[in-house]
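Undergrad: here is the input, now give the coordinates:
(one chain, ligands or ions: 1)
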Amino acid sequence: MKFAVIVFPGSNCDKDLYYAIKDGIGTEVEMVNFQSESLEGFDAVLIPGGFSYGDYLRSGAIAAHAPIIPEIKRMASEGKPVLGICNGFQILTEIGLLPGALIKNNHNRFICETVQLVVENNQTIFTTEYAKDEVIDIPVAHGEGNYYCDQSTLKDLKQNNQIVFRYEEDINGSVDQIAGITNKEKNVLGMMPHPERALEKLVGSDDGIKMFQSILKNHMDRVNL
Ligand SMILES: NC(=O)CC[C@H](N)C(=O)O
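TA: So this is what the prediction gives:
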């Protein structure tokens, strides 16, 4: 399996993600510049956290027009795993691969802490190594992490089991305390918390490694069918 980590001007969690794959799960991974127009040869796409284009206009709004975006959409349409973390989640909503929007935290502060997440759906390619309703410790670091969607979209998300993670407590005003959602097909996941910052107990939590193990295991199961 070969992962692509997309690097935008202002991305700052690309190296964390790179090492989560290279050292965390011992799998092939390459950084791909935002100006590239090809993701040929990659099996999965990771869009890292950070401040792409300085968060000007809205977080992710300018990155949504980068040359690499059509290739991310192609990978998603082919059912390949696409994971957007924090700024990556914001970019996925800006390019229409996930519904809703990430807006300013309701308390207007940047939050940077470890929070408790509830695993609401452990049946996705990103979460099969977790138990249903497992509570995990994962860091967050964002100013515009307040997930918003209208009531009709929320109803769809619930009916299609697209809500993957919820905050155990309200940290930023997100609708239904949503922390992460998938698309209907369940191969695109966007989440505000940073699993790549929770790979070893030494850094406070190793609850994030199971996400990358899940992606790898499900890919291997698929190719070995
Ligand atoms: N850690 C991140 O990716 C932050 C995302 C975005 N810059 C925000 O502050 O909301």
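Undergrad: in stretch 86-96, what counts as buried?
TA: 86-95 (16 or more other C-beta atoms under 10 Å). Quick note: C-beta positions are derived from backbone N, CA and C, even for glycine.
Undergrad: buried set for stretch 141-160?
TA: Under the neighbour-count criterion of 16+ other C-beta under 10 Å, stretch 141-160 has 141-147, 149, 154, 157 buried.
Undergrad: quick one: end-to-end distance for it.
TA: Distances were taken as C-alpha to C-alpha, to the nearest Å; on that basis the terminal residues of stretch 141-160 are 28 Å apart.
Undergrad: got a list of contacts for it?
TA: Contacting residues not belonging to stretch 141-160 are listed as 49, 55, 58-59, 86, 90, 99-106, 109-112, 162-163, 171-176, 178-179, 181, 184, 192, 194 [C-beta atoms under 8 Å, 6 or more residues apart in numbering].
Undergrad: considering only those, which also neighbour the ligand?
TA: Among the contacts of stretch 141-160, the residues that sit close to the ligand (C-beta under 6 Å from any ligand atom) are 49, 55, 59, 86.
Undergrad: and Asp170, which of the three is it?
TA: Assigned with DSSP: H, G, I helix; E, B strand; the rest coil, Asp170 falls in the coil class.
Undergrad: isn't it right next to Ala179, touching?
TA: No: if you go by C-beta atoms under 8 Å, Asp170 and Ala179 don't touch, sitting 10.7 Å apart.
Undergrad: from the buried residues of stretch 141-160, which two are the most distant?
TA: The distance between the two most remote of the buried residues of stretch 141-160 (C-beta to C-beta) is 25.3 Å, for Ala141 and Leu154.
Undergrad: next up, phi/psi of the closest residue in space to Val29 that isn't next to it in sequence, please.
TA: Take Val29 and drop its neighbours on the chain: the residue closest to it by C-beta to C-beta, 6 or more residues apart in numbering is Ile21, 3.9 Å away. For Ile21, the backbone dihedrals (degrees, to the nearest 10) come out as phi -80, psi -50.
Undergrad: list the buried residues for the longest helix anywhere in the chain?
TA: The helix of greatest length in the chain, counted in residues with DSSP state H as the criterion, is given as helix 209-223. Along helix 209-223, the positions that meet the burial threshold by neighbour count (16+ other C-beta under 10 Å) are 209-212, 214-216, 218-219.
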